[in-house]
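1. What follows is a protein structure lacking sequence information:
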Ligand code: PRX
């Protein structure tokens, strides 16, 4: 007998403990949990209390024990023209060797290991090795530069950093080591060691007594055996930094057991992935999608995971599909931006390869516009599944779950990621009154009631108060988790995402805080004041646009251009090219209220050619006029 998804979802909340106790059976436990959920201390939630398990055991060892020769990690780099395949047994050997290296460097349970790496297999080995011994990894996206990296080093205080000489993007080598050395020079915390994976791409300086050579140590620990540490379910497994309203990034902290159960469940019910098949996510290990759906999720499900170093258009715009064909990919995950990039190329490329293995393409990270969704759906002939979530939630919050036995599938609808997933008690609230919006088509803040489901963040690393105050106190009178996204629910129950309520922007699926960019630009000696806003962009979804008030008006258009170039270079060098504004426009004054509050939303509206709304609080009406004139030049 089939039940409706709505009934199923309701049961996941009303019969929470039995629901999740059932899902917990999907993973191996050394000691079974004594309590499913301890929600007695809101907003904190502890899942599978008393149970001991290990992420690496569930991702690697248990499959290596039964299917040692099956493919586990497929690495393809179109940047360096290499491919490597690791079976589960080989992956386990690599992870054990890496774990032995970490242990030999004095890394123990609870110690942090920062991983600053491009898409290379050693990055996954390092993550899994940390999980194996109970060290906490913190992967920093390779596109971030020294200042971003330094603030993360200071917050995570890693004992060891794992890095490499260089990454490569679109054929261009990007040196990592100088950025890392500079970051360590800038940071107050100093790691005791830096484990260098030398790819032989760019020569680099070695710091004697600190830098270690991975290849040498790998040989020393070649057949090392390192057992998995059995960790209580609520032991932190990793932190991952993400942006918010303030300039300082937050370390989203996750547990072990809840995360493993949540991923195992999502791999089955949401993604429909099966052991022995191949999963391909085009994301990066520096982002949450890389953690959940390049490394841990597919492996926990016993699938081979395809790790790709390259761009979707090189050697040509069919490269992703050639990989689907070659490795018989069944489930694929990407971002709308990647599809918009492909859309600029011949649609016939979508048909050049045999895609008969592919069952669905999942897209997340930013809104999926309808034309893009339709284009790729028609081109590939498989379902396109939009899914909405956040670094904080760790797995999809809104989508359609098509693979739950005995439960009616919710049809997909272009423009909406779908409906609340099981385990999430999602509501839309009025931003100022905190009242729940129960009528369809009302715009409100999308929130989640306590307790968050398994797999979601436990807290902000080292700062419980920040976790409570940032996420749980933003809607007046309500102790609910705010996603900081605007949402709207239609009469059929589909939720539409309408953008962020805070100062976070989304550039090509990369989540960035405008405050961080502002802090970097205002450090330039020629800049008196700056405002950065995200404006709509056809290709990237949004781009950052900076409005700067120079200390002295540039003497000529050439001087203004030179200053713009300097500011962009500063952002590149300090934060990374991902954060670089598309333009820096110089203005005499920024639009502010009489009380001095910057009207970012008005700036954004004007930049997007929209009506800036109520301007009665504006101190100097000329400020926006100036912006308008500049934009139309
Ligand atoms: O604003 C939402 C947007 O991306 C934010 C989360 O970004 P991040 O922490 O990097 O996690 C990405 C995980 C996929 C959200 O607050 N966002 C994410 N997915 C969607 C989305 N906006 C619209 N539609 C989506 N499917």
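-> Now that the structure is in, tell me what you want to look at. The structure displayed is predicted, hence computed values, not measured ones.
2. Residue 122 touches residue 162, doesn't it?
-> Yes. Applying CB atoms under 8 Å, one finds residue 122 in contact with residue 162, separated by 7.4 Å. (C-beta placed from N, C-alpha, C; glycine too.)
3. what's the overlap in contacts for the two?
-> residue 197 (CB atoms under 8 Å, 6 or more residues apart in numbering).
4. who has more neighbours, those two?
-> Counting neighbours by other CB atoms under 10 Å for residue 122 and for residue 162 shows that residue 162 has the greater number, 30 against 22.
5. For the more buried one, list the residues it contacts.
-> If you count contacts by CB under 8 Å, 6+ apart, then residue 162 has 113, 114, 115, 116, 117, 122, 123, 126, 194, 195, 197 around it.
6. and the helix or strand hosting it, which strands flank it?
-> Secondary structure here is read from DSSP states H and E; on that basis residue 162 sits in strand 160-164. Within its sheet, and counting by DSSP bridges, strand 160-164 is paired with strand 112-116 (parallel), strand 193-197 (parallel).
7. Among those, single out whichever gets nearest to residue 370.
-> strand 112-116 (37.4 Å; CB to CB).
8. Tell me which helix or strand comes right after the closest one.
-> helix 121-133.
9. ok, and the most crowded of the contacts of residue 162?
-> With neighbours defined as other CB under 10 Å, the most crowded of the contacts of residue 162 is residue 126; it has 31 neighbours.
10. And that one, how far from residue 162?
-> Here residue 126 is placed at a distance of 5 Å from residue 162 (CB to CB, to the nearest Å).
11. what's the answer for residue 529, then?
-> Using CB to CB, one obtains 39 Å as the distance from residue 529 to residue 162.
12. Quick one: name the residues of the stretch 201-350 of the chain near the ligand.
-> 242, 287, 288, 289 (CB under 6 Å from any ligand atom).
13. make it 8 Å
-> By CB under 8 Å from any ligand atom, the part of the stretch 201-350 of the chain that sits against the ligand consists of 242, 287, 288, 289, 335, 336.
14. Just say helix, strand or coil for the closest residue to the first one other than its chain neighbours.
-> Nearest residue to residue 242 in three dimensions, chain neighbours excluded: residue 391, at 4.1 Å (CB to CB, 6 or more residues apart in numbering). Using DSSP: H, G, I helix; E, B strand; the rest coil, the secondary structure recorded for residue 391 is coil.
15. Tell me who's in contact with residue 391.
-> Counting by CB under 8 Å, 6+ apart, the residues that residue 391 touches are 240, 242, 252, 287, 288, 457, 511.
16. How about residue 600?
-> Neighbours of residue 600 in contact, by CB under 8 Å, 6+ apart: 503, 514, 531, 533.
17. Kindly state which of the strands paired with strand 160-164 is positioned closest to residue 78.
-> Set against residue 78 and scored by CB to CB, those come closest in strand 193-197, at 19.2 Å.
18. That closest one - what's its average pLDDT?
-> Confidence over strand 193-197 (mean pLDDT, whole number) is 98.
19. Can you list the neighbours in contact with it?
-> Residues from elsewhere that reach strand 193-197 (CB under 8 Å, 6+ apart): 101, 105, 117, 120, 122, 126, 159-165, 177, 180, 184, 204, 206-207, 210-215, 217.
20. again, only using 6 Å
-> Contacts with strand 193-197, where a contact means CB atoms under 6 Å, 6 or more residues apart in numbering, come from 105, 122, 160, 161, 162, 164, 210, 211, 212, 214.
21. Give me the buried positions along the helix or strand that comes right after it.
-> For strand 193-197, the following helix or strand on the C-terminal side (DSSP H and E) is strand 211-213. Under the neighbour-count criterion of 16 or more other CB atoms under 10 Å, strand 211-213 has 211, 212 buried.
22. Starting from strand 211-213, tell me which strands it pairs with and how they run.
-> Strands that pair with strand 211-213, judged by DSSP bridges, come out as strand 193-197 (parallel).
23. Let me know the angle separating the partner strand from helix 121-133.
-> Following axes from the mean of the first three to the mean of the last three CA atoms, to 10 degrees, one obtains 140 degrees for the angle between strand 193-197 and helix 121-133.
24. Need the phi and psi values for the closest residue to residue 249 other than its chain neighbours.
-> Nearest in space to residue 249, with sequence neighbours left out and distances taken as CB to CB, 6+ apart, is residue 241 at 4.1 Å. Summarising the backbone geometry of residue 241 under the convention degrees, to the nearest 10, its torsions are phi -80, psi 140.
25. how about residue 241, what does it touch?
-> 152, 249, 251.
26. quick one: the last one from the ligand, how far?
-> So that's residue 251. According to CB to the nearest ligand atom, to the nearest Å, residue 251 and the ligand sit 13 Å apart.
27. Please identify the helix or strand for that residue.
-> Using DSSP H and E, the secondary-structure element containing residue 251 is strand 250-254.
28. Save the contacts of residue 241 as JSON lines, and put in neighbour count, pLDDT and distance to residue 400 too.
-> What follows is the contacts of residue 241, written out as JSON lines (neighbours: other CB atoms under 10 Å; pLDDT from 0 to 100; distance: CB to CB, whole Å):
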{"residue": "152", "neighbour count": "25", "pLDDT": "97", "distance to residue 400": "35"}
{"residue": "249", "neighbour count": "20", "pLDDT": "85", "distance to residue 400": "32"}
{"residue": "251", "neighbour count": "24", "pLDDT": "97", "distance to residue 400": "31"}
